[in-house]
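Undergrad: pasting a predicted model and its sequence here:
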Amino acid sequence: MKRIGKLYFRYGTMGSAKTALLLTTAYNFEERGMAYRCFKPVVDTRDNKNVIRSRIGIERECSWIYSDSNLYEMIYRMRDDQMGAPEWVLVDEAQFLTPLQVDQLAQAVDDFGINVVCYGLRTDFRTRLFDGSKRLLEIADSIEEVKSTCTCGRKTIVNARVNSRGEIITEGEQVEIGGNERYIAVCRRCWRNKKIEQSSQGRLPL
């Protein structure tokens with residue numbers, strides 16, 4: 001009987017421990033002898049080697065995904081290599097996938113009966129959907145929010161980009177890699193109030 005796989009999308013704001021969750025999941029698979037593979041878009045250049053690294057310091061080797069990578073073919077070829085076909089595929093920073101690559105993952109799920117779990121951001125610093133996340137929201141079998149809390153106690157929604165003075169930035173390129181020095185996760189109310197405060201003081205963020 002053919003296995004029935006699923007495409008999962010687990011999203012959250014920066015700092016919500018999405019990557020730590022992925023790495024914990026990979027560890028559990030390894031302990032149980034389950035075949036899995038990890039992937040990550042190469043657009044995240046903070047690491048010089050092909051690893052997925054959490055802010056808490058744990059890491060695991062992964063395969064790079066380039067803008068022209070065909071993920072269906074990559075997974076298909078794994079069926080013939082020494083590691084064999086994975087039962088699970090874990091994808092970090094899934095917001096950086098192209099819509100076509102998301103479709104390729106969905107096709108691999110349907111054709112091979114594997115499970116693919118994508119972890120990533122839902123929206124950018126302007127609260128606009130990333131292309132990869134949009135496609136995942138459209139076709140994923142299961143969608144789950146990884147929640148975290150703003151300093152005010154509300155749920156974080158916005159991945160706010162800030163400058164060196166801590167002021168919120170609302171213009172610029174969608175993709176700009178950075179950590180705590182460049183982004184803060186806040187609720188919608190705090191994000192809005194901070195922008196109003198900056199506007200009233202005549203401070204225009206760079």
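TA: All right, it came through fine.

Undergrad: and the lowest-mean-pLDDT helix or strand in the chain, what does it pack against?
TA: Within the chain, no helix or strand scores below strand 51-53, which has a mean of 78 by mean pLDDT, DSSP states H and E. Packing contacts for strand 51-53, counted by 3 or more Cβ pairs under 8 Å, 6 or more residues apart in numbering; DSSP states H and E, involve helix 18-31, strand 59-61. No exception for glycine: its C-beta is placed from N, CA and C like everyone else's.

Undergrad: can you list these in TSV and add mean neighbour count and distance to Asn193?
TA: Formatted as TSV, the helices and strands packed on strand 51-53 follow (neighbours: other Cβ atoms under 10 Å; distance: least, Cβ to Cβ, whole Å):
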stretch	mean neighbour count	distance to Asn193
helix 18-31	17	26
strand 59-61	14	37
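
Undergrad: partners of the residue nearest the centre of the chain in the sheet?
TA: By Cα atoms, centre = their mean, the chain has its centre lying nearest to Gly120, at 1.8 Å. Assessed by DSSP bridges, Gly120 has beta-bridge partners Tyr11.

Undergrad: nearest spatial neighbour of Gln174, skipping sequence neighbours?
TA: Asp124 (5.0 Å; Cβ to Cβ, 6 or more residues apart in numbering).

Undergrad: give me the pLDDT for the one you found.
TA: We note a pLDDT of 93 for Asp124 in this prediction.

Undergrad: again with Asn50
TA: Value for Asn50, per-residue pLDDT: 82.

Undergrad: what's the answer for Lys134, then?
TA: Reported pLDDT for Lys134: 98.

Undergrad: buried ones in the strand or helix carrying it, by neighbour count?
TA: Here Lys134 sits within helix 131-139, counting by DSSP states H and E. Judged by neighbour count using 16 or more other Cβ atoms under 10 Å, the buried positions of helix 131-139 are 131-133, 135-136.

Undergrad: after it comes which helix or strand?
TA: strand 142-145.

Undergrad: which other residues reach the helix holding Lys134?
TA: By Cβ atoms under 8 Å, 6 or more residues apart in numbering, the residues outside helix 131-139 that reach it are 7, 9, 11, 94-99, 101-103, 106, 118, 120-123, 129, 143.

Undergrad: out of the residues you listed, name the ones that lie in helices.
TA: Among these, the members found in helices (DSSP state H) are 99, 101-103, 106.

Undergrad: restricted to buried residues, select those in ChimeraX.
TA: Remark: buried members of the ones in helices among the contacts of helix 131-139, expressed as a ChimeraX selection using 16+ other Cβ under 10 Å:
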select :101,102,103,106
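
Undergrad: format the ones in helices among the contacts of helix 131-139 as a markdown table; extra columns: pLDDT.
TA: Listed next are these as a markdown table, based on pLDDT from 0 to 100:
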| residue | pLDDT |
| --- | --- |
| Pro99 | 98 |
| Gln101 | 98 |
| Val102 | 98 |
| Asp103 | 98 |
| Ala106 | 98 |
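
Undergrad: dump the ones in helices among the contacts of helix 131-139 to CSV, plus distance to Ser200.
TA: Output for those, formatted as CSV (distance: Cβ to Cβ, whole Å):
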residue, distance to Ser200
Pro99, 40
Gln101, 43
Val102, 41
Asp103, 46
Ala106, 47
